[in-house]
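Colleague: I'd like to go over a predicted model; first the sequence, then the structure.
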Amino acid sequence: MSGTPSTPANPADSGDAAALKSFRTPIGTHDLAPPESGRWVALLGAFIAAADRAGFGYLQTPIFEDIGVFARIGEGTDVVGKEMYEFFDRSDRHLALRPECTASVCRAFAQHRPTTPWKVWYQGPFFRYEAPQAGRYRQFHQIGAETLGTDDPDADVEIIALAAEFFRAIGLQQVPLLVNSMGDLGTRVAYGEALSSYLQRRAGDVDPQDRDKIAHHPLRILDSKREATAAVAAEAPRITDYLTAATAAHFERVREGLDALGIDHEVEHKLVRGLDYYTRTTFEFRATSLDAAQDTICGGGRYNGLVEALGGPPTPGIGFALGIERLLLACDAEGVFEVPAQRAEVWVIDTAGGAAARDLTHELRAVGIRADRAFDDRSMRAQMRAADRSGAEIALIVGSDEVDAGTVTVRPLRRPDGGDVDTPQQTVPRAELLPTLRRIFDELNAEGVA
Ligand code: ATP
Ligand code: MG
C-alpha cells in the first residue's frame, strides 16, 4: 500500500479538483466491452451447447478459496509457488484468488459427494501473477470440464471429444491434438529414476535457469520452453516405455477411441504434468497459428488422489481447461469466429416527443423483435442516421400526423443481407403493425434468396 495516513484513500474524496486522478485497469487485466464482448458471449454459447449435448452440467465455484485448496495442486509448481494471488481477509483467513479450477472442482466434489460420474463444466476468471504479454495475462478466463468418479478410458475420449467438438463448432482448425500417458505411480517412480539419471548426465547442456529442476522437479524439465533445455528434453527417455500393462491398455483404448471418432492426434512424449496427481492420459491442443511461448490453448489430463487430498473419497478424474483469450487469438489468426454484428431489426424514429418510441420498442421486444431507438428528442435527420447505422431492416416513423391518426409509417431500409429493397413505405394503423412487420420481414428475406 502506498500513501501516507493523511492521503485520502480515493483522491476524488478530497474534494480537491487538482487531485482528481483517472484510473486504468490494473496491469495484466482488460475490460471486455461491446462489440468484442459479443464474440465472448457467442463463444460461451457454443461451449454451453456442446457441453449440454454431452451431458455436462454447469458448476460455479467461488473466485477465492482457502489457500489450502490450491496448495494441493503442488507447492513446487509455478502456479502455486510464484504466481498465486494470496491474501488475508479481515478475519485473518488465508485465502487465494483461484489460479485454476481443477482443485476447486475436487473440493466441491469432496464437499457435496454427488453421484458419479460427475460431469461438470465451468467458466470464469482466473488469476496468476505472470509477466503480461500477448496471450498471457494476470486475470484471464478459462472454460473447462471435468469428469469425476470413473477410470473408464472412454471418459477420456468423451472429454477430449468435447473440446474437439467445440473447436469444430467455432470453426477453429489449426489446433492439433497431442496426447501422452503418464502411467501410474509405479511408472512414474521407474521413469523418474531413468529421467533423473539421464538429466544428470546432460546437466551441462540444460539451460542454467532450468538446472535446479533436475534435482527437484525433473518432469518439469520436459516442458521447459528454453531452447537448450528443450534440446535435452527431446532426447530424454520416453515415459510410454515405462507403462504397466494396465496403463498401456488404457492408453491404447483412448487412442483407439479418438481414431474411432475421427479425432486426429499425435503422441507427444514430452507431454507430462509434473504433479503427483496426474496419472495416465495427458493431452494438449496447440494452436499452430500462435507464438510457441503461448500456443497451448487447451490442456488436460487424468488425475488421482486430488479429491482425497481435499477430504473426499478416492475418486479418479479427468478434465481440461482452455484459455478463452488465447483461443480468440487463435481464431483471429485463422480468421474464423468473427465478432458478431449486433444489429437491431427495427428502429423506431419518433419526432413527436418520444412516447411512441418508448412504447413501441417495448411492445416489439416483448414479441421477440430486436428493436431500438435514439434518445434525447433528436431531429428527424439525426434519428434517420442512427437507424442507418444500426443496420436495422425496418424503420418505424411516428410524427405528429401519425400520433393524431393512430398510425405508424413502416419504411423498409435494407434486406437482412444488407442489399437494397423495393418494398415501398406504408402507413398502417397501430393495430396492424405486427402483422405488417411480419409480412415485410418475410418479403425482405425472400428477396434475399436468389
Ligand atoms: P502455459 O504453459 O502457457 O503457461 P499452463 O500450463 O500454465 O500454460 P494451464 O494451467 O494448463 O496452463 O491452463 C490452461 C489454459 O489456460 C492454458 O492452456 C492457456 O490457454 C490458459 N492460460 C494459462 N495461463 C494463462 C495466462 N496467464 N493468461 C492467459 N491464458 C492463460
Ligand atoms: Mg503457466
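Modeller: All right, it came through fine. Numbering: from 1, shown residues only. Ligands and ions are numbered 1, 2, ... in the order given.
Colleague: For the rest of this, base every contact and every neighbour count on C-alpha atoms.
Modeller: Fine.
Colleague: Can you report how many residues lie near the residue in the stretch 51-200 of the chain that ligand 1 sits nearest to?
Modeller: As assessed by CA to the nearest ligand atom, ligand 1 sits closest to R136 within the stretch 51-200 of the chain, at 3.3 Å. As a burial measure, R136 scores 19 neighbours (other CA atoms under 10 Å).
Colleague: One more: E268?
Modeller: Neighbours of E268 using other CA under 10 Å come to 17.
Colleague: Could you check how far it is from S197?
Modeller: Look at E268 and S197: by CA to CA, to the nearest Å, they are 21 Å apart.
Colleague: which residues sit in contact with the residue nearest to A287 when sequence neighbours are not counted?
Modeller: In space, and not counting its chain neighbours, A287 is closest to V175: 4.5 Å by CA to CA, 6 or more residues apart in numbering. Residues counted as contacts of V175 (CA atoms under 8 Å, 6 or more residues apart in numbering) are F285, R286, A287, T288.
Colleague: Of the residues you listed, which count as buried by neighbour count?
Modeller: Neighbour-count burial (16 or more other CA atoms under 10 Å) is assigned, among those, to F285, R286, A287, T288.
Colleague: sorry, back to before: quick one: contacts for the residue of the stretch 51-200 of the chain closest to ligand 1?
Modeller: So R136 contacts G28, E130, Q294 (CA under 8 Å, 6+ apart).
Colleague: check the residues you listed against ligand 1, which are close?
Modeller: Restricting the contacts of R136 to those within reach of ligand 1 (CA under 6 Å from any ligand atom) leaves E130, Q294.
Colleague: Closest to P435 out of the buried ones among the contacts of V175?
Modeller: Ranked by distance to P435 (CA to CA), those are led by A287 at 49.2 Å.
Colleague: if we can go back for a sec, now the residue of the stretch 51-200 of the chain closest to ligand 1, which residues is it bridged with?
Modeller: Q133 (DSSP bridges).
Colleague: Can you name the residues that contact the residue lying closest to G183 once chain neighbours are set aside?
Modeller: Leaving aside its sequence neighbours, G183 sits nearest to R280 (CA to CA, 6+ apart; 4.4 Å). Residues counted as contacts of R280 (CA under 8 Å, 6+ apart) are N180, S181, M182, G183, D184, T247, H250, F251, G301, R302, Y303.
Colleague: Go through stretch 194-205 and flag the buried ones.
Modeller: A194, L195, S196, Y198, L199, A203.
Colleague: Could I get these in CSV, plus columns for secondary structure and pLDDT?
Modeller: Output for the buried residues of stretch 194-205, formatted as CSV (DSSP: H, G, I helix; E, B strand; the rest coil; pLDDT from 0 to 100):
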residue, secondary structure, pLDDT
A194, helix, 95
L195, helix, 95
S196, helix, 95
Y198, helix, 96
L199, helix, 95
A203, helix, 95
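Colleague: Pick out the most distant pair among those.
Modeller: Distance extremes for the buried residues of stretch 194-205: the farthest pair is A194 and A203 at 14.1 Å, using CA to CA.
Colleague: hmm, back to that, ok, so of the buried residues of stretch 194-205, who is nearest V120?
Modeller: Distances from V120 to those, taken as CA to CA, are shortest for L195 (35.4 Å).
Colleague: Who are the contact partners of that closest one?
Modeller: Counting by CA under 8 Å, 6+ apart, L195 has contacts P218, L219, A236, P237.
Colleague: Drop anything exposed from these.
Modeller: P218, L219, A236, P237.
Colleague: In ChimeraX, how would I select the buried members of the contacts of R136?
Modeller: The ChimeraX command for the buried members of these (criterion: 16+ other CA under 10 Å) is given here:
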select :28,130
